[in-house]
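Novice: Next comes the sequence, and after it the predicted model I'd like to discuss.
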Amino acid sequence: MLTYLSMTNAILNLNYLHVLLVTVAGFLLGWLWYSPLLFAKPWRAGLKITEEQMKAAAQKGMAKFLILGFLLTFISTFGLAVILNAHQPESWIKGALVGGFIGVVFVGARFLNGGVYEQRSLKLMAINVGHEAFLFAVQGALLILLRDF
């Protein structure tokens, strides 16, 4: 059973270097996911954003977007690391399953809920939820691999 004490211990006993490394991996995964190599074009189309609008936004302050994105990725990676540290899955596969579960059931469900009210296309919601599910699964696996390394 998860208690306040076990969560406190999970936080205090985290390997923050691992959290930082997995944050970098997650941030790079997001870059790849939303890049022209994968889903940039359908993602932009779903949001009705042109390439020119993206370039204009980048010129206004891409560094701010990247720093904030990295910080938020760190926060979610930290949360996943605490959960995994508290429950101690025995393998990277279990870490991936826990991460994927969190990505779909918690994050994905909230994205879908917002997408319904915002009248987002099914394709756009699938791209965004797919990213979160895949991201958390990969990060869950990496956190356990690093722990066991």
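Specialist: Cool, the structure landed.
Novice: So which bits of the helix or strand hosting residue 65 are buried?
Specialist: Assigned by DSSP states H and E, residue 65 belongs to helix 51-87. Buried residues in helix 51-87, counting neighbours by 16 or more other C-beta atoms under 10 Å, are found at 73, 74, 76, 77, 78, 80, 81, 82, 83, 84, 85, 86. Every residue, glycine included, has its C-beta placed from N, CA and C.
Novice: Ok, stretch 98-110 next?
Specialist: Here stretch 98-110 shows 98, 99, 100, 102, 103, 104, 107, 108 as buried, counting by 16+ other C-beta under 10 Å.
Novice: Pull the most distant pair out of these.
Specialist: 98 and 108 (14.3 Å; C-beta to C-beta).
Novice: ok, so of the buried residues of stretch 98-110, who is nearest residue 33?
Specialist: residue 103 (12.4 Å).
Novice: what about that closest one, distance to residue 7?
Specialist: In this view, residue 103 and residue 7 are 20 Å apart by C-beta to C-beta, to the nearest Å.
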